[in-house]
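1. Curious how this folds, go ahead:
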Amino acid sequence: MDSGLSPSRITGLLRDGSLVPVPGVRGVYADGATWRELDDFHGRPLARARAVAMTKNRVWALSHDSAALMHRMPLLDPRRSLVHLTRPGYGGAWRRAGISHHYGRFAAGELIESPDLPRHLSIARTAVDIAREHGELAGLVACDWALRQGIPRSALIEAYLPMSHWPGVIDVRAAVERADPRAESAAETLGRDLVEELGVGDVDVQFPLLTEGRLVWCDLRIGNHVFEVQGKIKYTAKGSGGVAERPITEVVWEEKKRSRLVRAEGLGMSEIIYQDFWGDGRAGALRRLRAEYDVTCERFGPDLHPRLAIQAAELRAKFGKRDRAG
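-> A predicted model of the protein is given here:
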């Protein structure tokens, strides 16, 4: 109305869908066409967080899940995320209308301010807040991602040091200690957590292998057995929300050839999918993976073949980290 729109005109825009009320945020509207294009995993949760920030004074900053959305940090299920706000203070948190309010100290360097964005907390602070709020596994996903963005582990430690008596800090310490920047996605982090639960040995992340002149990087390895984390995103066209830039038949065929090369080097292989991480699916996956690992041990022994160990050390010295094209 301050811009010259009459109440009847506003009502008309709402009726024809040109404007859409942001769910749960009184008095804030989104452009209808833009809102309908947003996805439920990032776009709409982020839009709602920004809408809530518009209704608050500048003492508050987006934090936890909401700051993670600002940074595009992976969350286990952003569709269920509340909007989180933090302001300086001591003790207490409360939820109202899907908004979680927190009183908590944060250092000046942990606050990000920009003329074009709502105030939000830094990557390091957000990663440890995710661990405190949602537990070690969610924190591990966040901390892996933070390290992958170049945030040093020391910054994560510095972020949680003032939290020595805060709820959830035990999960934070565990997540930071276990974090590994070599995990290239949230699914690979979850896969590493699953394989570690087998309790049969240390998990090697991004294991390099040179076979028939081709450099191959395996997601996870214990002994002579590799574990590959498979996701639909690899087999979904880029225009449909996936990452495949070639026809799907070519992607699948290339994957089959790659698996054959890995097995030809004297390695067993297991495949892990997203459903293996949760509930009854996790229990079944653990039984299957252990059985497949045991078969590999019977065939090739429990320890990585010296030839492959020497080769892997040489490849890592030469290439450092995984070439994503490989």
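2. mind listing the strands for the stretch 51-200 of the chain?
-> Counting by DSSP state E, counting those that start in this stretch, the stretch 51-200 of the chain has these strands, from start to end: 61-62, 83-87, 93-96, 99-103, 111-114, 117-121.
3. just how off-centre is the second one within its chain?
-> Taking the mean C-alpha point of strand 83-87 and that of its whole chain, the gap between them comes to 20 Å (Cα atoms, centre = their mean, to the nearest Å).
4. List of residues touching it?
-> 48-49, 52-53, 56, 59-67, 98-104, 106, 121, 129, 133 (Cβ atoms under 8 Å, 6 or more residues apart in numbering). All C-beta spots, glycine's among them, are computed from the backbone N, C-alpha and C.
5. Tell me where the chain has helices.
-> For the chain, helices defined by DSSP state H occupy the ranges 7-15, 32-37, 43-54, 64-71, 123-134, 136-148, 153-160, 169-178, 186-197, 248-264, 279-300, 306-319.
6. what's the closest of the ones you listed to residue 218?
-> helix 248-264 (6.4 Å; Cβ to Cβ).
7. I'd like to know which of the contacts of strand 83-87 are buried.
-> 48-49, 52-53, 56, 60-67, 99-102, 104, 106, 121, 129, 133 (16 or more other Cβ atoms under 10 Å).
8. Isn't residue 230 up against residue 271?
-> Yes - Residue 230 is in contact with residue 271 according to Cβ atoms under 8 Å; the separation is 5.2 Å.
9. Neighbours of residue 192, how many?
-> Applying other Cβ atoms under 10 Å, we find 24 other residues in the vicinity of residue 192.
10. if I look at it, how far off is residue 136?
-> Note on residue 192: its distance to residue 136, by Cβ to Cβ, to the nearest Å, is 13 Å.
11. Also residue 287?
-> Taken as Cβ to Cβ, the span from residue 287 to residue 136 is 23 Å.
12. where does this protein dip in pLDDT?
-> Across the chain, the ranges flagged by pLDDT under 70 are 241, 321-326.
13. how does it divide into domains?
-> When the chain is parsed into structural domains using automatic domain parsing, the resulting residue ranges are 38-178, 186-319.
14. which residue sits closest to residue 109, ignoring its sequence neighbours?
-> residue 122 (7.1 Å; Cβ to Cβ, 6 or more residues apart in numbering).
15. How much space separates the one you found from residue 221?
-> 34 Å.
16. More neighbours: which of these two?
-> Neighbours per residue (other Cβ under 10 Å) separate residue 122 from residue 221, with residue 221 holding more: 23 against 20.
17. Surely the more buried one and residue 208 touch.
-> No - with contacts defined as Cβ under 8 Å, residue 221 does not count as touching residue 208, sitting 10.0 Å away.
18. Could you give the separation between the terminal residues of stretch 24-35?
-> Using Cα to Cα, to the nearest Å, the gap from the first to the last residue of stretch 24-35 comes to 15 Å.
19. contact partners of that stretch?
-> Contacts for stretch 24-35 (Cβ under 8 Å, 6+ apart): 14, 17-22, 44, 47-48, 51-52, 54-55, 97-99.
20. Just the buried ones among the residues you listed, please.
-> For the contacts of stretch 24-35, burial is judged from neighbour counts taken by 16+ other Cβ under 10 Å, and it is met by 19, 20, 22, 44, 47, 48, 51, 52, 99.
21. right, and the pair among those residues with maximum separation?
-> Taking Cβ to Cβ as the measure, the buried ones among the contacts of stretch 24-35 span a maximum distance of 21.8 Å, between 19 and 99.
22. Now distance to residue 283 too, for the buried ones among the contacts of stretch 24-35, in JSON lines please.
-> Output for the buried ones among the contacts of stretch 24-35, formatted as JSON lines (distance: Cβ to Cβ, whole Å):
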{"residue": "19", "distance to residue 283": "48"}
{"residue": "20", "distance to residue 283": "42"}
{"residue": "22", "distance to residue 283": "40"}
{"residue": "44", "distance to residue 283": "33"}
{"residue": "47", "distance to residue 283": "37"}
{"residue": "48", "distance to residue 283": "35"}
{"residue": "51", "distance to residue 283": "40"}
{"residue": "52", "distance to residue 283": "39"}
{"residue": "99", "distance to residue 283": "36"}
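23. Can you tell me which of the residues you listed is nearest residue 149?
-> Each of the buried ones among the contacts of stretch 24-35 was scored against residue 149 by Cβ to Cβ, and residue 47 proved nearest at 23.0 Å.
24. Pull the contacting residues for that closest one.
-> The contact partners of residue 47, by Cβ under 8 Å, 6+ apart, come to 22, 30, 35, 38.
25. Name the nearest residue to the one residue sitting closest to the centre of the chain, sequence neighbours excluded.
-> In the chain, the centroid-proximal residue (Cα atoms, centre = their mean) is residue 74; its distance is 3.0 Å. Nearest residue to residue 74 in three dimensions, chain neighbours excluded: residue 186, at 4.0 Å (Cβ to Cβ, 6+ apart).
26. Would you confirm that that neighbour contacts residue 143?
-> No - proximity of residue 186 to residue 143 does not meet the contact threshold set by Cβ under 8 Å, at 11.5 Å.
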